[in-house]
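Colleague: Build the 3D model from these lines:
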Amino acid sequence: MSDPISFDSTSPRFGLPLLFAGQAQKEVFVNEALSLIDGLVHCAIEGSLDTPPATPADGMAWLVGAAPSGDWTDHAGHIAFRQNGQWLFTAPSDGMRIPDKSTGQDLRMTGGVWNTPVTPGLPSGGTVVDVEARQAFSDLIAALRDAGIFPQQ
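Modeller: Numbers count the residues shown, from 1 in each chain. Prediction:
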């Protein structure tokens, strides 16, 4: 006898709710999925916080910090989306890249950790011959900041 076919209740990457034949109140599940998709497509976070902001607007998103409280309790490291006056959460997956509006920098999820590049120190010291090399490094660092790889200063 073969095993019965089983269906997952959520999508594998972002936990979007899936529908079943004959399911009651399908609009609830469809609306939840659409709200999560709305938050994830071209997602950009306002910043990283442990406590929900006092007056969030619908459509805004934050990265939940390591010690969340209030409505964000038990959602450390998740992305919190404000949709229809409520919070929706999704766990990030490896390969995600999200712009952080507060720093102007892109965050990248690798190995279950958000990676944020650190700006190297500007070159200093050396002799007069070293002036052109220091200027080239300074220009390179400025270009990397403009590209969102290093934070703006």
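Colleague: you'd agree residue 88 is in a strand?
Modeller: Yes - using DSSP: H, G, I helix; E, B strand; the rest coil, the assignment for residue 88 is a strand.
Colleague: in the protein, which spans are helices?
Modeller: Along the chain, the stretches classed as helices by DSSP state H are 26-40, 131-146.
Colleague: which of the ones you listed is buried the deepest?
Modeller: Mean neighbour count (mean count of other C-beta atoms under 10 Å) peaks for helix 26-40 among the helices of the chain, with a mean of 15. C-beta: built from backbone N, CA, C; applies to glycine.
Colleague: Which strands and helices lie in contact with that helix?
Modeller: Contacts defined by 3 or more C-beta pairs under 8 Å, 6 or more residues apart in numbering; DSSP states H and E place helix 26-40 against strand 79-83, strand 86-90.
Colleague: Most tightly packed of these?
Modeller: It is strand 79-83: most buried of the helices and strands packed on helix 26-40 by mean count of other C-beta under 10 Å, with a mean of 22.
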